[in-house]
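> with the input below, show me the fold.
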Amino acid sequence: MLKSKRTLTLIAMSALISSLQDTLTEWLEPIAAQFRSLDLPNFVTQWGHPLMMAIVVFVMGSFVGLAGWRGRLLTDPEAASKSCLDHRKLAPWLFLFIATGYTGGVLSLLIQQKSILASPHFWTGSAVIVLLATNGLISTTKFAGNRAILRSTHAYLGSIALCLLFVHAALGLKLGLSL
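Numbers count the residues shown, from 1 in each chain. Just a heads-up that it's a prediction; the model follows:
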């Protein structure tokens, strides 16, 4: 009985993912077709997204994460304040670049006429977007009156998102080499 419920659940999830794949492809294919018509070199189509996102993740992401933790851990109030300010200024830009890069990655796959949802790279990217959006919401509430638990949640969610971005990059490299 349990095995058949699990099988039915997997079939339902597979149908849902297939439906999502079809819907996303339908929405985004006209945009991908426009880019395809530009006849860009294969190198640009295949490696443009990874190269740009590597800069965002490894340089900007690392800086934003480090600045956030320095702001929490430094004992010098002036240095901690500067780190917090750097984090506060750059984190929204990081989210914007990652969200834009996410869209670019999806379009890159469609331009190459590959399946969007078939790769773990897509799913880790989606998870990162959800984590960072949640983190942004937490911070825009000013941590619900500067509550320590929300500040800690924000710090750890951001760290998890950054670590997941490194896994995401490795999965992206694997995907890029397989195309």
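> so what's residue 141 up against?
residue 150 (CB atoms under 8 Å, 6 or more residues apart in numbering). From N, CA and C alone the C-beta is placed, and that goes for glycine too.
> distance of it relative to residue 87?
16 Å (CB to CB, to the nearest Å).
> with adjacent residues omitted, what lies nearest to residue 54?
residue 169 (6.6 Å; CB to CB, 6 or more residues apart in numbering).
> what strand or helix carries that neighbour?
In this structure, residue 169 is located in helix 148-178 according to DSSP states H and E.
> which other helices and strands contact that helix?
On a contact count with 3 or more CB pairs under 8 Å, 6 or more residues apart in numbering; DSSP states H and E, helix 148-178 meets helix 42-54, helix 62-73, helix 77-111, helix 120-140, helix 142-146.
> and those helices: which comes nearest residue 15?
helix 120-140 (17.2 Å; CB to CB).
> shaky segments in this structure?
Low-confidence regions of the chain, defined by pLDDT under 70, span residues 1-2.
> list the contacts of residue 109.
115-116, 119, 122.
> so the residue lying closest to residue 115 once chain neighbours are set aside versus residue 91, what's the distance?
Residue nearest to residue 115 in three dimensions, not counting chain neighbours: residue 21, with 6.7 Å by CB to CB, 6+ apart. According to CB to CB, residue 21 stands 31 Å off from residue 91.
> residue 24 too?
27 Å.
> higher neighbour count, those two?
residue 91 (22 against 15; other CB atoms under 10 Å).
> which one is the more buried one nearest to, not counting chain neighbours?
Residue 91 sits nearest to residue 64 (CB to CB, 6+ apart), 5.2 Å away.
> one more: residue 127?
residue 164 (6.1 Å).
> check residue 179 too.
Nearest to residue 179 is residue 46, by CB to CB, 6+ apart, at 5.7 Å.
> tally of neighbours for the one you found?
18.
> that one against residue 177, yeah?
No. Using CB atoms under 8 Å, residue 46 is not in contact with residue 177; the gap is 9.6 Å.
> my guess is residue 128 meets residue 161, correct?
Yes. Taking CB under 8 Å as the definition, residue 128 is a contact partner of residue 161 at 5.3 Å.
> which strand or helix spans the residue nearest to residue 115?
helix 2-37.
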